[in-house]
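Q: Just need the structure, nothing else, for what follows:
(chains A and B)
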There are 2 protein chains.
Amino acid sequence: MARLLTSEGIRHAVYLNEEWHHIDDPFAPVPTFLGPVTSAGKATLLAPTCPAVIVGIGHNDGNHPLPIQPWLKSVHTVASPNDVIEPPRRVGSVNVEGELAVVIGKSAVDLTAENALDHVLGYTIANDVTNATQAVIDERLFQAKSGTHYTPLGPWIETDIEDPGNLGIDVTVNGRAEARSGTFNLISGVVESLVHVTKWMVLEPGDVVMTGAPGTIVEVRPGDTVAITIDGIGTLVNAVA
Amino acid sequence: MARLLTSEGIRHAVYLNEEWHHIDDPFAPVPTFLGPVTSAGKATLLAPTCPAVIVGIGHNDGNHPLPIQPWLKSVHTVASPNDVIEPPRRVGSVNVEGELAVVIGKSAVDLTAENALDHVLGYTIANDVTNATQAVIDERLFQAKSGTHYTPLGPWIETDIEDPGNLGIDVTVNGRAEARSGTFNLISGVVESLVHVTKWMVLEPGDVVMTGAPGTIVEVRPGDTVAITIDGIGTLVNAVA
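A: Residues are numbered from 1 along each chain as shown, chains lettered A, B, ... in the order given. As a prediction, this is how the structure comes out:
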């Protein structure tokens, strides 16, 4: 499922037979097809969701004791595939973080291990861009995580993943492999993270939970091009200004 | 300026001669009047803005060294006047915090002391409800600040405040005065806070910056009714479930 920029405006669409078929409400139990189709080669892909809330799952990489530590990221940071990440000048080190992102499909409160995945629409890729130097002095991550285009999402939402806990994640910079890991290295899986988050906060359709970086943090420099690939989803590419 | 629930749906309105005059875009330089009017006594007031981002200004009460420490609160916590605050069971102590809230009127990036107030639509009252016991164990404030109806806003946006740094704030619980202070006790004023926040993060029209609690934190118990009054704005009333 994707969000496309078309000559008629922004449209949600599902992928069938190498074409994007425009649909009405992406959260409907069954999509209503609107008729128009965009061929895969001609589609301009936008961030596949417009979350009201973006939750990051901190301390989920095995280097910290449990429990995980959720935090919030500004929705103004959301960027589309190929948008250029814009670090402020004199910000210090900037990292990219390749992460599996959960897209919520149904209002979620007090989820249980049994029903958590029923509230997931699907999965996409998040690049949780971070001002690493600022994170050291800002424990609440405000000045570390709030920059322009600091949360690329995409290229689409994969709705057919059975086991989100066993997906490889690769990060390349300028075509060179810089990190290789996967969601199997996260301490708290998708189900556990959703149960924890919704114990404290409601999640609504379209909201995003970034599951944490399992050794997929890479420092970048001006002009770099970053590609994050997650098995079974695809590749998210963004340059750094 | 207010947001009203009317029989025709939700409407923005401005107050003139004891009536709410419905308007189109609340962020337009000059409001366009739609014609209909709601008398003050019959108006159902909603939270006066639907922010995409809510920023809290932490460490702004004189008990911490500068700099201030901004953080983000889920927009799903926004509540209207008279909505009931719903703490989770077994959450420990719950505090209300009476705060001046800035409502942004124009996109704001890298504001300066000279232009910051030009980007303000006006001011309202925020009740920054907090699970105090959880805040001790959750430095990023996720499980402390994310509950249902944990951010009452209202009753309206006052657009005619000249000096936001000199407003008294009173908090009463069940009619009894529990705290009396004012924005004059904040270390970082509205201008300084907006300059700091927009150095790191863009703010958009409708976004809310809660300026911090200058000694206006009061513990509440189930069934309490909380009233926060800010001079020159009004009174925001919410009960605790």
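
Q: If you count contacts, what does the helix or strand of chain A with the lowest mean pLDDT end up packed against?
A: Ranked by mean pLDDT, DSSP states H and E, the weakest helix or strand in chain A is helix A:132-137, scoring a mean of 91. In terms of contacts (3 or more CB pairs under 8 Å, 6 or more residues apart in numbering or on different chains; DSSP states H and E), helix A:132-137 is packed against helix A:142-145. Any C-beta I mention is one placed from the backbone N, CA and C, and that applies to glycine too.

Q: now the helix it packs on: mean pLDDT?
A: The average pLDDT within helix A:142-145 is 96.

Q: next one: stretch A:105-112
A: Stretch A:105-112 carries an average pLDDT of 98.

Q: got the contact list for the least confident helix or strand of chain A?
A: With CB atoms under 8 Å, 6 or more residues apart in numbering or on different chains as the test, helix A:132-137 has contacts from A:91-95, A:141, A:143-145, A:219, B:200.

Q: Check stretch A:42-53 too.
A: A:1-6, A:10, A:13, A:20, A:26, A:72, A:75, A:78-81, A:103, A:124, A:152-157, A:201, A:203-204, A:206-208, B:52, B:74-76.

Q: Check the burial of residue A:166 by counting its neighbours.
A: 13 (other CB atoms under 10 Å in any protein chain shown).

Q: can you check residue A:234 too?
A: 17.

Q: What of residue A:123?
A: Neighbours around residue A:123, by other CB under 10 Å: 24.

Q: For the least confident helix or strand of chain A, list every residue counted as buried.
A: A:133-135 (16 or more other CB atoms under 10 Å in any protein chain shown).

Q: just to revisit the earlier point, pipe the contacts of helix A:132-137 into TSV and attach distance to residue A:116 and neighbour count per row.
A: Shown next, in TSV, are those (distance: CB to CB, whole Å; neighbours: other CB atoms under 10 Å in any protein chain shown):
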residue	distance to residue A:116	neighbour count
A:91	36	15
A:92	37	14
A:93	35	15
A:94	33	23
A:95	29	19
A:141	25	21
A:143	32	23
A:144	28	26
A:145	25	27
A:219	34	13
B:200	33	20
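
Q: Could you work out the most separated pair of the residues you listed?
A: Maximum pairwise distance in those, criterion CB to CB, is 19.4 Å, between A:219 and B:200.

Q: close to chain B, is the longest strand along chain A?
A: In chain A, ranked by residue count with DSSP state E as the criterion, the top strand is strand A:94-104. No. Using CB under 8 Å from any CB of the partner chain, strand A:94-104 never reaches chain B; the gap is at least 11.3 Å.

Q: now for that strand, which elements pack on it?
A: Other helices and strands packing on strand A:94-104, by 3+ CB pairs under 8 Å, 6+ apart, are strand A:120-127, strand A:130-131, strand A:168-173, helix A:190-200, strand A:208-210, strand A:217-220, strand A:225-230.

Q: Of all the ones you listed, which one comes closest to chain B?
A: For chain B, the closest of the helices and strands packed on strand A:94-104 is helix A:190-200, at 4.2 Å, according to CB to the nearest CB.

Q: Give me the contact list for that closest one.
A: A:55, A:57, A:60, A:67-68, A:70, A:100, A:102, A:108-113, A:116-117, A:119-120, A:164-165, A:183, A:188, A:203, A:209, A:211-212, B:88, B:134, B:142-143, B:146-147.

Q: Can I have the buried ones of those as a PyMOL selection?
A: Of the contacts of helix A:190-200, the buried ones go into a single PyMOL selection, burial set by 16+ other CB under 10 Å:
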select buried, (chain A and resi 55+57+60+68+70+100+102+108+111+116+117+119+120+164+165+183+188+203+209+211+212) or (chain B and resi 88+134+142+143+146+147)
